[in-house]
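Novice: Below are the sequence and a predicted model; questions follow.
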Amino acid sequence: MSIPTLDIYPLPTEAELPKPRVPWTFDPNRAALLIHDMQRYFLDFYGEEFGELVDNIAQLRKLDLPTFYTAQPPKQSPDERGLLSDRWGPGIQDREDIVAPLAPASSDVVLTKHRYSAFHRTDLAERLAAAGRDQLIITGVYAHIGITATALDAFSHGIETFVIADAIADFGRGRHVAALEHLSATCAVVTTLNRLLDSGFGLADVRAQVLALLDEPADDDENLIDAGLDSIRVMGLIEDWKERGHNVTFADLAADPTIRGFHAALEAAR
Ligand SMILES: O=C(O)C1=CC=C[C@H](O)[C@H]1O
Ligand SMILES: CC(=O)C(=O)O
């Protein structure tokens, strides 16, 4: 009836990602982050801290995306819980707060969740539309239940969904990997934390970002200072990359002030 006793497990790796079926690419200007049901009640079933899961979700906050949480209310009546009671019993009674390392910031939105999907009886779809966000990065628990229901619902709302394989968790590793395959086969890009954080930092991305700052084109190995890239613009690049989770210093970039050198410095700062 209730959620079983669970064990923490090593989260899936990049090598275990399912084959992609959709061509969507993450765009930090289009995306929002969803931290799904990371309440102490649901994490308690693992019997110990799921450190890898919590740490990986915390890292995604570096992207500084509009961030939404879902949280189920405690002590719901049978009427409020509907059929959830038939499957899961009385449900959450206490410890409904979000685990401390992921506590919402004042700028975050916490949605009260009533059923498996985060869209059910919430204004998540309206809020995403109002924020001009048509991509959703989904993290949290549990992969084969609320994560899957929410991702399928996002798909139906026309939202490109990215499920982070090592920032979600399930009743067990086998179920987790099976959920990833189902998500990839039906409604989402299934990726990893590092792949997402590295999005936008390929050589082509760095080339485009740097050339946009120059009056004239420059080759990948051309000295950018000689090509007119001034220190103010370099500091602007550093700030933008820092906000997106990549800390490089002015000295790192000055060591090899070329497009290829900037990309190498970003790779080293991963
Ligand atoms: O008890 C519940 O309400 C639940 C148990 C397990 C996962 C479900 O999403 C949640 O609604
Ligand atoms: C944890 C939970 O409520 C869900 O998987 O939907």
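Specialist: Structure received. As the structure is a computational prediction, the values presented were derived from the model and not from experiment. Ligands and ions are numbered 1, 2, ... in the order given.
Novice: going forward, measure contacts and count neighbours with C-alpha atoms only.
Specialist: Noted.
Novice: Relative to ligand 1, how far out is the closest residue to ligand 2 within the stretch 51-200 of the chain?
Specialist: Of the stretch 51-200 of the chain, the residue with the smallest distance to ligand 2, taken as Cα to the nearest ligand atom, is residue 146 at 3.1 Å. Spatial separation of residue 146 from ligand 1 under the definition Cα to the nearest ligand atom, to the nearest Å is 5 Å.
Novice: How about the contacts made by residue 120?
Specialist: Residues near residue 120 by Cα atoms under 8 Å, 6 or more residues apart in numbering: 113-114.
Novice: any idea how far residue 191 is from it?
Specialist: 25 Å (Cα to Cα, to the nearest Å).
Novice: thinking again about what came up before, and the residue lying closest to the residue of the stretch 51-200 of the chain closest to ligand 2 once chain neighbours are set aside, what does it touch?
Specialist: Excluding its sequence neighbours, the residue lying closest to residue 146 (Cα to Cα, 6 or more residues apart in numbering) is residue 116, at 4.5 Å. The contact partners of residue 116, taken as Cα under 8 Å, 6+ apart, are 145-147, 149-150.
Novice: and stretch 1-13, does that touch ligand 2?
Specialist: No - using Cα under 6 Å from any ligand atom as the criterion, no contacts between stretch 1-13 and ligand 2 are found, and the smallest distance is 9.3 Å.
Novice: For that stretch, which outside residues touch it?
Specialist: Among residues not part of stretch 1-13, those counted as contacts by Cα under 8 Å, 6+ apart are 45-48, 50, 52-53, 86-89, 91, 165-167, 169, 171-173, 177, 192.
Novice: List only those of those residues flagged as buried.
Specialist: Among these, those classed as buried by 16 or more other Cα atoms under 10 Å are 45-46, 50, 52-53, 91, 165-167, 169, 171-173, 177, 192.
Novice: of all those residues, which two lie farthest apart?
Specialist: Maximum pairwise distance in those, criterion Cα to Cα, is 30.6 Å, between 91 and 192.
Novice: residue of this structure with the smallest distance to ligand 1?
Specialist: The chain approaches ligand 1 most closely through residue 91 (3.9 Å), counting by Cα to the nearest ligand atom.
Novice: And the residue lying farthest from the centre of the chain, what's its pLDDT?
Specialist: Distance from the C-alpha centroid of the chain peaks at residue 226, with 38.6 Å (Cα atoms, centre = their mean). The per-residue pLDDT reported for residue 226 equals 95.
Novice: cool, residue 70 as well?
Specialist: Reported pLDDT at residue 70 in the predicted model: 98.
Novice: again with residue 211
Specialist: We note a pLDDT of 91 for residue 211 in this prediction.
Novice: residues in contact with it?
Specialist: The neighbourhood of residue 211, defined by Cα under 8 Å, 6+ apart, consists of 217-218.
Novice: Show me the shaky parts of the stretch 101-250 of the chain.
Specialist: Scanning the stretch 101-250 of the chain for pLDDT under 70 picks out nothing.
Novice: so where do the strands sit in it?
Specialist: Listed in chain order, the strands of the stretch 101-250 of the chain (DSSP state E, counting those that start in this stretch) span residues 109-112, 135-141, 160-169, 188-191.
Novice: how far away is the residue of the stretch 51-200 of the chain closest to ligand 2 from residue 140?
Specialist: The spacing between residue 146 and residue 140, counted by Cα to Cα, is 9 Å.
Novice: Ok, residue 212 next?
Specialist: Separation of residue 212 from residue 140 (Cα to Cα) stands at 37 Å.
Novice: again, but for residue 91
Specialist: 18 Å.
Novice: rewinding a little: now the common contact residues for residue 146 and residue 140.
Specialist: Both residue 146 and residue 140 are in contact with residue 36, where contact means Cα under 8 Å, 6+ apart.
Novice: what about those two, which has more around it?
Specialist: residue 140 (27 against 19; other Cα atoms under 10 Å).
Novice: surely that one meets residue 150?
Specialist: No - using Cα atoms under 8 Å, residue 140 makes no contact with residue 150, being 11.2 Å away.
Novice: Cool, thanks, talk later.
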